[in-house]
Each structure stands twice: as C-alpha cells, then as structure tokens.
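need coordinates for the following:
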Amino acid sequence: MPAILQASLPRSGNHLLLKLLWDAIPGGKISTCEYYTAPECCKQIPCSNAPALAQENANLEGDHVLFVHKTHDFKLSDIPTSRYRTLFQARDPSDYLISHLLWELAQGKDFSIGSCMMFINEMSLYYIRMYIKWAVLYADRLVTPPIYYESLLTTIGKARALSSITNAICMPLRVDQLEYSLSKSNIHSHSGKSFQSSVVQQATQYLSNSMLLTFAESQANAILECLPCLSSIYAPRSSAALVAGQSLASLESFKASQIPELGTINTSDNSIPGSLTVRLSQDRRIQADRSSARPLFLTALGIGEKRAEGSYLFGSVSILPIRTTSRRPLSKIVVALSSSDQSSDHNKDLWDQAEYKAFLICGDKIIGEFIESVNRSELLADCSLSEPIIPASEVLLLAVGFRPTRDIVSKCDSPRIFRLVSEISVLLYTD
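Numbers count the residues shown, from 1 in each chain. Here you go, the predicted model:
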C-alpha cells in the first residue's frame, strides 16, 4: 500500500493538497492520520494502525489505497522512514507567520501584544529549523522538491504537484483523473478566489496593532536572509505602509527577542581566522524541542521569559547563528561541540545506541560531517569549501543536523536526547 508522510508548516496548503489527491484518486480511497487529533492514536511513525485504516476504505479486493500521515513536527522529533514517501510543504515566511498567528487568534485565546511577539519569534525559529530539517537534512527522502503553498493556487502548480506525487508512489493518474481533480479545485474553497486579498490585508481587519505585522515581516525577512534558496523564491517585504505615522524606533525594544546569536566573529582580517568560543554555564542537551504553538498563548508572559543560555542547542536541527564583522567569502568553517569530562561516557552511550550522524549546515546546504573524537568529548566538523560561501548578511546561519544511520521508528512528540554540550567553538577562514 502506498504511504505518504506529509510534513508541512501549518497554513501551507496541507489540506488543499490532500483534497486534490482525494479528488484525483477514484472512489476516494485515501486513509489519513493526524495523530494530534486522534485520542487513541499510536503516536508513532510509521502508523501502526495504517493497515486497519486501509482495509476500512478498501471496498474491492485489490483496490489501490493511499495512506497519508500528516505532521507539523513541532518538536522536530519525527524521523522519516523507508515505509513512507515523504513530502514537505512550505509558504512565504511573511504570509506563514501572519496566517499562523491569525489562526491562533481565531481559536479565541486570550493573549497580550507581548505574547504575540513571542509567538512570532518562536515560529520564525521553527520555520528555519523545519526547512533545514526537511528540505536540506532529509532532502534525499523527498519524492518531490518542496511544495510551496502559492504554487497550489495555480492550475499549473496543482497539476505538477499531483503528477509528481502520484508518479513517485507508482499510482500515475490518467488524464481524466487529473482533469477531474483540477476542475473540482476550481469550485471548492481552495480555488484561489477566496485568497485574492493578501494575508496582510486580511490581518489588518483583525489586528489593531500594526506593529505586529511589521515585526512579522521583519522576522520573515530575517528568515529569507538565512535561507538563500528561499530568498530566490520570495522577495523581502517592506512594512512602511503599515506603520504610517508610527515610529519604527518603537521596535528597537523587541530586537532582543529576534533570532538569538552565539556572538560576533571578526572576519575583517583575512590573514588570521575569525574565532568564537561560547562556554555554557552547564551542559546543555541537544534534544527535541519543547515548543509548540498554542501553549505560548496560555503563558501570557508579555514579551516572555529571557531565552535561557544555551537554548539554541534544542532540537534535532540546532541553529548556531553567528554575527560577522564583514561579508568576506568564507573558504573554510570549523565547528567543535565539546562536552565536559563527566558527560563523555553519557555521550558515548547516546551515540552508540542511537546510531546517528551529525552534519554541519550553512544556510541551506550541508557542507560537512561531524567526526567524534576518540574520547567522545568532542564532535568536530572541519569543512574546507570547494566553492567559497559569501554571507548574504552579517548573520551567518550555521546549524547542526542529526540523522539516524538506520531506519528507526519515530515516537511522535517523544523527546530524544542527542548529546550533552558544554562548549561551542567556531573558526571562520576568509579568502
């Protein structure tokens, strides 16, 4: 039975794509799983209930049945397996942040302006890590390139997505099936007609404080700077029209809540490498993240608690942003994740039992692999670049991504500790 793992950012056309597939496959022979809405779900990938669900939908013996497992992977703990063909769906960062915020507000939660700002910031980090994880770290598992929401609002984009997916799962569509699905999409609510007004225009009807829109677009532009592939698809936006008569200086107080950085590296002198060492007050765990969307509104903490030192180490994709003093081309990047002596044995057990590999990612490209030292106290990635990297801005986005070396079952939302780290060292070599 063909099975798809549909990983997506919220509000990025997940249900639209499923509706297109449902209309294209005769008899609606599709079973689905949304583990966070099912009270008795097995909460694992691959779903242990998939055969039973498929049998319920199979009216005739031998019928093709497609099983689709949906995940937003809020904790970045889900792992693709060979049992699934994997998709990843994304959206313009600005529209995503505003649309996701509007969806949360529509649930009737009480919130403050500060908690909205906190939500936007957390979802910006989530966007970056989701993209790096699914579109970069697990790119070889995707049956199609990332599917962008905006393309699904066009007939050509819908047709390409449907054809690519069904061909990849060996269920190619006949011309009449494709045409029927496309014709249905022109009359149901996802035809694109209901999205003629932009998300920003819709947002202004519900948000009285335009600063939230300005902050969301500022964060979205930061995402585009960090991910070069996305910046070639989506253009940065200006929110000047939204803050007419309102001083942008008032946004300065929110700068501390934006994407956190490890520190600044001097790259102005190409005769010596720029270096940065961050020593953490205590060992920090690289593990599945605690954050998800709705609980942030329940805290009502204003701008929110100060980000704990070392919290950038959370998640199966851990981001390590570095601010540089110049945009000189980089010819070599060295990153070391060191552990205290008392953590070495623990890290050895984690590494051996889980069977992981760790990769160094710059922007949206894997540039090297981490090698573990003999005494297990350090992971070192020494990456000489065949093509120099020219930073798009002063902030260079480095990330550490962990991948299992064998096909293992993922327990949805189960924390997964990858390593204990006490010190991070970075060297940047310029041409």
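
how far off centre is the helix ranked longest in the chain?
In terms of residue count, the longest helix belonging to the chain (DSSP state H) is helix 113-131. Distance, stretch centre to chain centre, for helix 113-131: 11 Å (C-alpha atoms, centre = their mean, to the nearest Å).

now that helix: buried residues?
Across helix 113-131, burial judged by 16 or more other C-beta atoms under 10 Å covers 114-131. Bear in mind the C-beta positions are built from the backbone N, C-alpha and C, glycine included.

state the next helix or strand along the chain beyond it.
strand 147-148 (DSSP states H and E).

specify the local secondary structure of Trp22.
helix (DSSP: H, G, I helix; E, B strand; the rest coil).

if I look at it, how far off is Lys29?
From Trp22 over to Lys29 the distance is 9 Å, taken as C-beta to C-beta, to the nearest Å.

what's the separation between the residue most central in space within the chain and Pro321?
Geometric centre of the chain, nearest residue: Met130, 1.1 Å, by C-alpha atoms, centre = their mean. Noted for Met130: a distance of 16 Å to Pro321, by C-beta to C-beta.

quick check: which ranges of the protein have low pLDDT?
Along the chain, the model assigns pLDDT under 70 to residues 27-28, 51-64, 108-111, 187-209, 238-258, 289-309.

what domains does the record give for it?
As recorded under automatic domain parsing, the domains making up the chain are 3-91+140-195, 264-430.

to Gln107, which of those domains lies closest?
domain 264-430 (7.2 Å; C-beta to C-beta).

can you add distance to Ile223 and mean neighbour count and give the domains of the chain back as CSV?
Shown next, in CSV, are the domains of the chain (distance: least, C-beta to C-beta, whole Å; neighbours: other C-beta atoms under 10 Å):
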stretch, distance to Ile223, mean neighbour count
domain 3-91+140-195, 10, 18
domain 264-430, 10, 17
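
between those domains, which one is closest to Leu224.
Leu224 lies closest to domain 264-430 among the domains of the chain, at 8.6 Å (C-beta to C-beta).

tell me how far the closest one lies from the chain's centre.
Put simply, domain 264-430 sits 16 Å off its chain's centre (C-alpha atoms, centre = their mean).

what about that domain, start to end distance?
Using C-alpha to C-alpha, to the nearest Å, the end-to-end distance of domain 264-430 comes to 15 Å.

swap in stretch 33-47?
8 Å.

what's the helix or strand where Leu5 lies in contact with?
Here Leu5 sits within strand 3-8, counting by DSSP H and E. Under the criterion C-beta atoms under 8 Å, 6 or more residues apart in numbering, residues 14, 17-18, 45-46, 50, 66-73, 78, 80-81, 83-90, 130, 134, 143, 165, 169 lie in contact with strand 3-8.

which of the residues you listed fall within strands?
Judged by DSSP state E, those include 45, 66-71, 85-90 as members of strands.

thinking again about what came up before, and the domains of the chain: which comes nearest Glu104?
domain 264-430 (6.1 Å).

show me whatever sits in contact with both of Trp22 and Lys29.
The contact sets of Trp22 and Lys29 do not overlap (C-beta under 8 Å, 6+ apart).

so how far is stretch 419-431 off the chain centroid?
With C-alpha atoms, centre = their mean, you get 23 Å for stretch 419-431.

let's verify Arg323: helix, strand, or coil?
Classification of Arg323 by three-state DSSP places it in strand.

now it: how far from Ile265?
Distance, Arg323 to Ile265, using C-beta to C-beta: 7 Å.

tilt between the strand holding Leu5 and strand 85-90?
20 degrees (axes from the mean of the first three to the mean of the last three C-alpha atoms, to 10 degrees).

tell me the strands beside strand 3-8, with direction?
Looking at strand 3-8 with DSSP bridges, its partner strands are strand 66-71 (parallel), strand 85-90 (parallel).

residues in contact with the nearest residue to Leu427 once chain neighbours are set aside?
In space, and not counting its chain neighbours, Leu427 is closest to Val334: 4.1 Å by C-beta to C-beta, 6 or more residues apart in numbering. When contacts are counted by C-beta under 8 Å, 6+ apart, Val334 is found next to 273, 380-383, 425-427, 429.

where do the strands sit along the stretch 251-400 of the chain?
Under the criterion DSSP state E, counting those that start in this stretch, strands of the stretch 251-400 of the chain are mapped to 264-265, 274-286, 317-324, 330-338, 356-362, 365-369, 371-372, 378-389, 395-404.

may I have the second one as CSV, with CA atoms only?
Once non-C-alpha atoms are left out, strand 274-286 reads as follows in CSV (Å, rounded to 0.1, in the frame of the first residue of the first chain):
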residue,chain,number,x,y,z
GLY,A,274,38.0,34.7,13.0
SER,A,275,37.2,32.7,16.1
LEU,A,276,34.5,32.5,18.7
THR,A,277,34.2,30.2,21.8
VAL,A,278,31.0,30.0,23.8
ARG,A,279,31.2,28.3,27.2
LEU,A,280,27.9,27.3,28.7
SER,A,281,27.2,27.6,32.4
GLN,A,282,26.2,24.0,32.4
ASP,A,283,25.9,21.1,30.0
ARG,A,284,23.1,21.7,27.5
ARG,A,285,21.1,19.0,25.8
ILE,A,286,20.6,18.8,22.1
